[in-house]
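Trainee: just a sequence and a predicted model for now, questions to come.
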Amino acid sequence: MGADNRPDGGGRHPAAVIYLKGVCMGAADAVPGVSGGTIALIVGVYERLVSALTALDPRVLRHVSRLHTQDGRRALVRDLAAMDVPFLVALGLGVVTAVVAMSGVMHVAVTEYPGLTYAFFFGLIAASAVVLREELWLAAPQGVAAAGAGFTLAFLLSGVARNGLLAPSLPVLFVSGMIAVSAMILPGVSGSFILVLLGQYEFLTGAPGAFLSALVATLRGGSADLASATAVVVVFVAGAVVGLLTISHAVSYALATHRRLTLTFLVALVVGALRAPAIEVADAVARTPAALAAVTVAALVGAGLVLALDRTTDDLDY
């Protein structure tokens, strides 16, 4: 493996600081429309994150067969350090901590207060599209085609998910994990946004709590479907790992080689996905002045949050 050329100075930050930055990213990624990639820009780890993700190499596993030797252990540690795995572990633990903590809160919000919550999500996602509007490239036919494809895909997926055609089966959860984790390297697009688009957000925000409840009940000798709860978490995480090793590379390559087309597709995807929270709001909110005023305020609060984050980052530079 090569020398350490990480863009922000390698391992100068203590693990605890990196962990806390991961917590900030995870808290953002748990909310549709607030991008963990944007937070990574704000806290100064974005370039290092992308570099580390694209440096991951499964060939490092060749050292496993030699772990009983000192040379094998040293080679493994050396290669893991060259790929910046210690940084990814510290950051990842922070992300997971925040996502697990936030998922319970968000699950209550989407199940108990769906109208206000999805109106808030609508504002977040709409403002994300506004923030990214300058990335649209419609001056050439291929740009228009990319925008049309992104909008149509998101619009149709929103309808499919709403009609229950994407029930949270294990294959769907695996694919959701693959796609959602790739959003980690896209400032302006969040993993939770992808889950809302696919209709899996409400189910998956309840998954960590369901797993922990089943685990506690089992340890106390009670009856609980621990196997099913575990399968959901394991399959989603497995999809996320596969996504990190595959889709994240594809997205990174697309941004490097076809940046304008890729970003145009993504911005149009965000716009088309507004159908998903809009449907939820329409179904959950009574047509009264007070209710409409409440969801309007919720949407404006969400939009304001994203616009404030955009002012902080100043310029989303990929």
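Mentor: It's in. Numbering: from 1, shown residues only.

Trainee: helix or strand: which one has residue 116?
Mentor: If you go by DSSP states H and E, residue 116 is part of helix 114-131.

Trainee: what's the first helix or strand after that helix?
Mentor: helix 141-162.

Trainee: spatially nearest residue to the residue positioned nearest the centre of the chain (excluding sequence neighbours)?
Mentor: Taking CA atoms, centre = their mean as the criterion, residue 191 is the residue nearest the geometric centre of the chain, at 2.0 Å. Once flanking residues are discounted, residue 191 sits nearest to residue 180: 3.8 Å by CB to CB, 6 or more residues apart in numbering. Heads up, the C-betas are built off the backbone N, CA and C, glycines and all.

Trainee: residue contacts, that neighbour?
Mentor: Contacts here follow CB atoms under 8 Å, 6 or more residues apart in numbering; on that basis residue 180 touches 191, 192, 194, 195, 240, 243.

Trainee: mind doing that once more with 7 Å?
Mentor: Residues counted as contacts of residue 180 (CB atoms under 7 Å, 6 or more residues apart in numbering) are 191, 194, 195.

Trainee: so residue 173 versus residue 22, what's the distance?
Mentor: To residue 22, residue 173 is 23 Å away according to CB to CB, to the nearest Å.

Trainee: which one of those two has more residues nearby?
Mentor: Taking neighbours as other CB atoms under 10 Å, residue 173 and residue 22 compare with residue 22 leading, 29 against 25.

Trainee: output the contacting helices and strands for the helix holding residue 116.
Mentor: Applying 3 or more CB pairs under 7 Å, 6 or more residues apart in numbering; DSSP states H and E, one finds that helix 114-131 contacts helix 259-272, helix 275-284, helix 289-313.

Trainee: can you list the ones you listed in CSV and add mean pLDDT?
Mentor: Below are the helices and strands packed on helix 114-131 laid out as CSV (pLDDT from 0 to 100):
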stretch, mean pLDDT
helix 259-272, 88
helix 275-284, 91
helix 289-313, 89
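
Trainee: looking at those helices, which one is packed in the most?
Mentor: Most buried of the helices and strands packed on helix 114-131, by mean neighbour count (mean count of other CB atoms under 10 Å): helix 259-272, with a mean of 23.

Trainee: contacts for it next, please.
Mentor: With contact meaning CB under 7 Å, 6+ apart, helix 259-272 is reached by 125, 128-129, 132-133, 135-137, 142-143, 146-147, 149-155, 186, 189, 254-255, 318.

Trainee: picking that back up, so how far is residue 258 from the residue nearest to residue 191?
Mentor: Counting by CB to CB - residue 180 and residue 258 are separated by 22 Å.

Trainee: do the same with residue 48
Mentor: The gap separating residue 48 from residue 258 is 24 Å, by CB to CB.

Trainee: higher neighbour count, the two?
Mentor: More crowded of residue 48 and residue 258, by other CB under 10 Å: residue 48, with 22 against 14.

Trainee: check which helix or strand residue 232 maps to.
Mentor: helix 226-245.

Trainee: list the buried residues in that helix.
Mentor: Within helix 226-245, the residues scored as buried using 16 or more other CB atoms under 10 Å are 226, 229, 232, 233, 235, 236, 239, 240, 243, 244.

Trainee: on that earlier part again, of the contacts of helix 259-272, keep whichever come out buried.
Mentor: 125, 128-129, 132, 135-137, 143, 146-147, 149-151, 153-155, 186, 189, 255, 318.

Trainee: follow-up on the earlier one: widest-spaced pair of the buried residues of helix 226-245?
Mentor: Within these, two members stand farthest from each other by CB to CB: 226 and 244, at 26.6 Å.

Trainee: so what's residue 114 up against?
Mentor: Residue 114 touches 280, 284, counting by CB under 7 Å, 6+ apart.

Trainee: please disregard the earlier target; I meant residue 58.
Mentor: Here residue 58 is in contact with residue 245 (criterion: CB under 7 Å, 6+ apart).

Trainee: and the pLDDT at it?
Mentor: If you check residue 58, the pLDDT there is 81.
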